[in-house]
Structures are given as C-alpha cells and as structure tokens.
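Visitor: quick check, what structure comes out for this input:
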Amino acid sequence: MKKTALVLLVILGIVVLIGGWAIGSYNSLVRENEAVDGQWAQVENQLQRRNDLIPNLVSTVKGYAAHEEEVFTAIADARAKLAGARTVDERAAAATELESAISRLLVVVENYPQLKADAQFRALMDELAGTENRLATERGRYNEAVRVFNSKIKQFPMVIFARIAGFSERAYYEVSPDAMTVPKVEF
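Guide: Residues are numbered from 1 along each chain as shown. Predicted coordinates:
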C-alpha cells in the first residue's frame, strides 16, 4: 500500500510540476504577445500623428507649388491606403509608401526657397521631424518586442507548447527598399 501511495504521490508531483510549467509558460507567452500588440499600438499612434500633420503640410506647400500635383496625389493615395489598412503588414507597407511620398514632397520644397522661410511651414516641418523621430523610436521598440516574443516561441521546449497554444511568429516592421533611397536635394 505504501509503495502504491508513493508512486501516486510522485506521479501527482510530476503532473503538478508540468501543469505549473504549462501555466507559467502560457502566461509568459500571453505577456510577450501583449507587449508586441502594445508596441504596435504605439507605432500606430505615431503613424496617426504624422497622418494628421500631413494635410496641413500639403496645403502650405500647395500655395507655393501648385503645379506639383503628382506629389500631392501620391501623398493623398498613400494616406488613404494607410487609413484602409487592416493588418500589421498592410499598415507597414502603407506607412512606407507614405514615407516615400513625403520624401518626394521634401524634394519639391527644396525648389522653393521662399517656402522654407515661411514660419508656418517651418513649424510644420519641426512637428513632422519630431513625429518621424518618435515613429522611429516606436518602430525600434516594436521590433525589439517582436524579437523577444519570436525568440521565446522558437526555443525548445517552448516551441512545442507555443504551437499547441496557438502562438505563432510575429512580423517585424521592415523598411522597404524604396525608403532606403535618399531623396536628391539640390541647392
């Protein structure tokens, strides 16, 4: 009888340990997944801030460069894509397209020295530069949260548990090759 009780006690102890590990692991994965979602929300917050600034910037530049309609159309199209994007990948692609359109706008601005002297334009550019810096910071934080989460779910034995629990790899915010091209600015 004592041997059976001891065996049952050992089995119960093993079950409790495995159950405790499973609960702790699941909670850890949930925390890391929520950290990724929270960081993405911060990226979206900064994307929205930039999106709100752009109409003011465009209307200021339009007064000086009314014939640059192609650039203004590209910005409007990119903003519309950003507003309509549903997934992280779609929003990241739309944001990259918007960045490209903004860089073309800045090239146009270089052709209008009197515009660069305009106080409203300078204030908008300062706000946009600050927003771009915040956005870069939040993208970095998002990618770090994704790195931590992805590393965790790829390690053994967590990889098995993560698949069973339905956790999958998250996508990094990647810069498109177009965004790597420096716009040509002539003085």
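
Visitor: residue ranges for the helices of the chain, please.
Guide: Using DSSP state H, the helices of the chain run over 2-64, 69-84, 88-110, 113-116, 119-154, 158-165, 177-180.

Visitor: which one of those helices lies nearest to residue 171?
Guide: Closest of the helices of the chain to residue 171 is helix 88-110, at 5.9 Å (criterion: Cβ to Cβ). For the C-beta atoms, the positions are set from N, CA and C on the backbone; glycine is no exception.

Visitor: remind me what the closest one packs against, helices and strands.
Guide: Packing contacts for helix 88-110, counted by 3 or more Cβ pairs under 8 Å, 6 or more residues apart in numbering; DSSP states H and E, involve helix 2-64, helix 69-84, helix 113-116, helix 177-180.

Visitor: where among the helices of the chain is the average confidence lowest?
Guide: Least confident of the helices of the chain, judged by mean pLDDT, is helix 177-180 with a mean of 55.

Visitor: returning to that earlier point: now, of the helices of the chain, which is deepest in the fold?
Guide: Mean neighbour count (mean count of other Cβ atoms under 10 Å) peaks for helix 88-110 among the helices of the chain, with a mean of 19.

Visitor: residue 14 and residue 4, how far apart?
Guide: Distance, residue 14 to residue 4, using Cβ to Cβ, to the nearest Å: 16 Å.

Visitor: what does residue 22 give?
Guide: Applying Cβ to Cβ to residue 22 and residue 4 gives a distance of 27 Å.

Visitor: about what we covered before: can I get the helices of the chain in a markdown table with distance to residue 171?
Guide: A markdown table is the format used below for these (distance: least, Cβ to Cβ, whole Å):
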| stretch | distance to residue 171 |
| --- | --- |
| helix 2-64 | 10 |
| helix 69-84 | 17 |
| helix 88-110 | 6 |
| helix 113-116 | 38 |
| helix 119-154 | 7 |
| helix 158-165 | 16 |
| helix 177-180 | 17 |
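
Visitor: how confident was the prediction at residue 183?
Guide: Value listed for residue 183 in the pLDDT field: 47.
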